[in-house]
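[1] Sequence first, then the predicted structure, then my questions.
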Amino acid sequence: MRLVLLGPPGSGKGTQAARLKVELGVPHISTGDMLRAAVAAGTPTGLKAKAVMDAGKLVSDDILLAMLEERLSQDDVKNGFILDGYPRNLAQADALDHLLAKIGQPLDAVVKLEVPSQAIIDRVKIRFEAEHRKDDNPDVVRDRLQIYAQETAPVADFFARRGKLQVVDGVGQLDEVTARVRHALNRESVTANG
Ligand code: ADP
């Protein structure tokens, strides 16, 4: 299963991906996690990305594509993947299309988690208080939501035009949301044990 999870910051993509990867038996590829790891390790990519990430802006498409290309060439993605955090603009959506066509691994589905802005602001505030991620600061979150609306929302239309988009209500208990995603993927019969 090759799946993209879309949705605004704090919509629960990472949480749902962590659950789904167990039942789907595929790795969770989070570009945000990969970038944070690069920052923590002080790699050249991390050094370039840090200030941009802290400000809640998008890291350059070139950096992301190189990172993703490298990740998708690894062995553990041969049965699929859950991609979280990419694509975040139309240029990235196009680049992903080309990359997956080149490696002969087209997407099976794109699931968008829908959560209203006020709920996002409330959730990210709680995460900020717990984890102190600079980009979860309420001022930065407002900018991230604006970037999402301007740059990332069109990506959902891009996949909808290709008949790949499923929209899932991301408000509710974690289990409920997971069940909705499973339903969207026609995998209701799959249990947490496989
Ligand atoms: P969230 O899911 O809360 O929006 P992420 O962990 O996915 O946050 O991403 C954190 C930050 O990493 C983004 O605000 C951005 O700076 C950078 N980033 C992650 N993925 C991408 C991407 N595809 N393109 C550009 N920047 C990205």
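    Alright, I've got the coordinates.

[2] so where's this protein shaky on pLDDT?
    In the predicted model of the chain, residues 188-194 satisfy pLDDT under 70.

[3] how about the single nearest residue of it relative to the ligand, what does it touch?
    Across the chain, the shortest distance to the ligand (C-beta to the nearest ligand atom) belongs to Gly32, at 1.9 Å. Where C-beta positions appear, they are placed from N, C-alpha and C, glycine not excepted. The contact partners of Gly32, by C-beta atoms under 8 Å, 6 or more residues apart in numbering, come to 14, 84-85.

[4] closest to Ala49 among those residues?
    Gly85 (12.5 Å; C-beta to C-beta).

[5] Nearest spatial neighbour of Lys112, chain-adjacent residues omitted?
    Taking C-beta to C-beta, 6 or more residues apart in numbering, and ignoring the residues beside it in sequence, Lys112 has Leu6 as its nearest neighbour in space, at 4.2 Å.

[6] Let me see the contact set for that neighbour.
    13, 110-113, 152, 155-156, 159.

[7] Could you name the specific helix or strand carrying the residue of the chain closest to the ligand?
    Assessed by DSSP states H and E, Gly32 sits inside helix 31-41.

[8] roughly how far is the next helix-or-strand element following that helix from the heart of the chain?
    With elements assigned by DSSP H and E, the helix or strand that comes after helix 31-41 is helix 44-54. Once both centres are worked out by C-alpha atoms, centre = their mean, to the nearest Å, helix 44-54 turns out to sit 18 Å from its chain's centre.

[9] how about helix 44-54, does it get close to the ligand?
    Yes: part of helix 44-54 sits near the ligand under the criterion C-beta under 6 Å from any ligand atom, namely 52-53.
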